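>>> Structure of the sequence below:
(one chain, ligands or ions: 3)
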Amino acid sequence: MIVGILKEIKIKEDRVCMTPGGVVTMVANGHDVIVEKGAGLGSSFSDAEYVAAGATIIDAAADVYAKADMVMHVKEPQPSEYAMIRKGQIVFTYLHLAADKPQTDGLVASGATCIAYETVQMADRSLPLLTPMSEVAGRMAIQQGAKALEAVNGGIGKLIGGVPGVAPAKIMVIGGGVVGVQAAKMACGLGAQVYLLDINLDRLRYLEDVMPANCTTIMSSKAAIHELLPQVDLVVGAVLIPGAKAPSVLTRADLKLMRPKTAVVDVAIDQGGCFETSKPTTHTEPTYVVDEIVHYCVANIPGAVPLTSTMALTNATLPFAVQLANKGWKKACQDNRALALGLNVHEGKLTFKAVCDAFDMPYTPVEEVLA
Ligand SMILES: NC(=O)C1=CN([C@@H]2O[C@H](COP(=O)(O)OP(=O)(O)OC[C@H]3O[C@@H](n4cnc5c(N)ncnc54)[C@H](O)[C@@H]3O)[C@@H](O)[C@H]2O)C=CC1
Ligand SMILES: CC(=O)C(=O)O
Ligand SMILES: [Mg+2]
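Ligands and ions are numbered 1, 2, ... in the order given. Sure, this is the predicted structure:
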């Protein structure tokens, strides 16, 4: 198979979807790898390193799309790419379709087979291709939240850890999954008083056992959130229903309960956002203010630390990419249920229920296209 590695074109996105080490593995499995010129530069991998690994460098994205049997990205295909995607081609990348109708329409029209990293799901319900980037984004949420609280950035001017004699910040993290735990750990490490909320009581029992003493677990509810909002300096949104539009946990009216110049970081923005006032921002202009509350809503947070993120992401994606290349999408998905759950679009049909529900579009069960 010809595997195409595309350069990221989203603003300030410097990750790349395969390292030269990954190319060595692909080539060893008998595949040809073509890499768009400069694709690895933002992650400190030169074209020469890709060539040494066995890849061929291609000048333009259009030629990668024209030649490859499977194209890989990190971020979802951008509008300029929809028309380049070919019928019969495999597209393997983050898609986040439930938050993106134009892309959904573009991929349906393409006739391609599109497998979303974020909905590949193991039998234990974990999301192996989302987890590494959620680990990064959770940790970054506190770094970015700390900056949003600085007075020079329009924040209330509070240091997360406080100093001797002055109390630290209070931080509410809503969603105690991968993002939530990593955010809470970082915040606890900085000395904040952390409240970690989830709707899953078993999860809260586990978190109560493993989190430090300055983290309090709380059953998430409107009432619990309303009680905490006047006290906290920072709210992190970290909820997820896999593949679906993010559930809403803060309304615009709720912001009135917060003190002016405190901050919210909506990590769930890639799935549409979990605060009513969230809208996607970029690393170039990451924050904006609504009703005196600073909002940070970057949809590709890990893109800011590509050296770490590229390695972490490709550690997870490579084994699945090799299965797709070795067996073709159909046999790979028949043999591996986790990969089959990643299938979102096939030859004009939507095969992920939550995406169909988000846009009221017809649903085709995965089993039907795998038969
Ligand atoms: N902005 C960015 O750059 C990135 C965003 N993300 C996003 O972060 C979000 C969270 O991802 P993960 O932590 O990996 O998911 P996860 O599945 O590990 O955790 C989600 C948690 O939310 C809880 N939850 C669901 N509905 C809830 C509600 N209404 N109230 C309270 N808790 C609720 C679940 O019980 C679960 O524990 C996802 O939307 C993911 O796509 C992940 C990586 C990067
Ligand atoms: C998961 C995701 O949206 C990202 O890594 O950008
Ligand atoms: Mg994202």
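>>> close enough to count as contact, residue 234 and residue 145?
Yes. Proximity of residue 234 to residue 145 meets the contact threshold set by C-beta atoms under 8 Å, at 4.5 Å. Backbone N, C-alpha and C define where each C-beta goes, glycine included.
>>> Would you tell me which residues of the protein are close to ligand 1?
118, 130, 133-134, 137, 174-180, 197-200, 203, 220, 238-241, 246-247, 249, 267-271, 299-302 (C-beta under 6 Å from any ligand atom).
>>> What strand or helix carries the residue in the stretch 1-150 of the chain that ligand 2 sits nearest to?
Among all residues of the stretch 1-150 of the chain, residue 133 sits closest to ligand 2, at 3.4 Å; criterion: C-beta to the nearest ligand atom. Element membership for residue 133, per DSSP states H and E: helix 131-148.
>>> And the residue in the stretch 201-350 of the chain that ligand 3 sits nearest to, how far from residue 179?
Per C-beta to the ion, residue 270 is where the stretch 201-350 of the chain lies closest to ligand 3, at 3.1 Å. Separation of residue 270 from residue 179 (C-beta to C-beta, to the nearest Å) stands at 11 Å.
>>> now residue 89
As judged by C-beta to C-beta, residue 89 and residue 179 stand 31 Å apart.
>>> Could you list which residues are in contact with the nearest residue to residue 260 once chain neighbours are set aside?
Closest residue to residue 260 apart from its sequence neighbours, by C-beta to C-beta, 6 or more residues apart in numbering: residue 292 at 3.9 Å. Listed by C-beta atoms under 8 Å, 6 or more residues apart in numbering, the contact set of residue 292 reads 255, 260, 261.
>>> Next, work out how far apart the residue lying closest to residue 169 once chain neighbours are set aside and residue 249 are.
In space, residue 169 comes closest to residue 233 once its chain neighbours are excluded; the distance is 4.2 Å by C-beta to C-beta, 6+ apart. Using C-beta to C-beta, residue 233 is found at 18 Å from residue 249.
>>> ok, longest helix in this structure?
helix 306-335 (DSSP state H).
>>> give me every residue that touches residue 53.
Residue 53 neighbours (C-beta under 8 Å, 6+ apart): 20, 21, 23, 24, 27, 33.
>>> ok, which pair from those is furthest apart?
21 and 33 (11.9 Å; C-beta to C-beta).
>>> Show me which of the two is the more surrounded one.
It is residue 33, of residue 21 and residue 33, that has more neighbours when counted by other C-beta atoms under 10 Å, with 25 against 14.
>>> quick one: that one and residue 51 touch, right?
No. Using C-beta under 8 Å, residue 33 makes no contact with residue 51, being 10.3 Å away.
>>> what mean pLDDT would you report for the strand or helix carrying residue 196?
If you go by DSSP H and E, residue 196 is part of strand 193-198. Taken as a whole, strand 193-198 has a mean pLDDT of 98.
>>> Make 114 the first number, not 1, from now on.
Got it, the first residue is 114 from now on, which makes the last one we talked about strand 306-311.
>>> In contact with the residue in the chain positioned nearest to ligand 1, which residues?
Nearest residue of the chain to ligand 1 (C-beta to the nearest ligand atom) works out as residue 290 at 1.7 Å. Residue 290 makes contacts with 247, 311, 316, 351, 352, 353, as judged by C-beta under 8 Å, 6+ apart.
>>> same thing but 7 Å
Residue 290 is in contact with 351, 353, counting by C-beta atoms under 7 Å, 6 or more residues apart in numbering.
>>> again, but for residue 183
By C-beta under 7 Å, 6+ apart, residue 183 lies in contact with 114, 116, 117, 203, 205, 437, 438.
>>> hmm, try it at 6 Å
Under the criterion of C-beta atoms under 6 Å, 6 or more residues apart in numbering, the neighbours of residue 183 are 116, 203.
>>> Need phi/psi at it.
For residue 183, the backbone dihedrals (degrees, to the nearest 10) come out as phi -130, psi 130.
>>> for residue 217, same thing?
The phi/psi pair for residue 217 (degrees, to the nearest 10) is phi -60, psi -50.
>>> Tell me how far it lies from ligand 3.
When distance is defined by C-beta to the ion, to the nearest Å, residue 217 is 16 Å away from ligand 3.
>>> Check residue 229 and give its pLDDT.
98.
>>> Quick check, it in contact with residue 208.
Yes. Applying C-beta atoms under 6 Å as the test, residue 229 and residue 208 come out as touching, 3.9 Å apart.
>>> Mind listing the shared neighbours of the two?
Residues within reach of residue 229 and of residue 208 at once, by C-beta under 6 Å, 6+ apart, are residue 457.
>>> Can you give me the buried ones in the helix or strand in which residue 179 is found?
Applying DSSP H and E as the criterion places residue 179 in helix 174-180. Neighbour counts using 16 or more other C-beta atoms under 10 Å place 174, 177, 178 of helix 174-180 among the buried residues.
>>> Leaving out chain neighbours, which residue sits closest to the second one?
Nearest non-adjacent residue to residue 177, counting by C-beta to C-beta, 6+ apart: residue 117, 4.1 Å away.
>>> Which strand residues bridge that neighbour?
Beta-bridge partners recorded for residue 117 (DSSP bridges): residue 147, residue 184.
>>> Contacts only, for it.
So residue 117 contacts 147, 177, 181, 184 (C-beta under 6 Å, 6+ apart).
>>> Could you rerun that using 7 Å?
By C-beta under 7 Å, 6+ apart, the residues touching residue 117 are 147, 177, 178, 180, 181, 183, 184, 185.
>>> show me where the stretch 214-363 of the chain has strands.
Per DSSP state E, counting those that start in this stretch, the stretch 214-363 of the chain carries strands over the ranges 226-229, 283-287, 306-311, 328-332, 347-350.
>>> In JSON lines: the buried residues of helix 174-180, plus distance to residue 160.
Below are the buried residues of helix 174-180 laid out as JSON lines (distance: C-beta to C-beta, whole Å):
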{"residue": "174", "distance to residue 160": "15"}
{"residue": "177", "distance to residue 160": "14"}
{"residue": "178", "distance to residue 160": "19"}
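>>> Right, I'll call it a day here.
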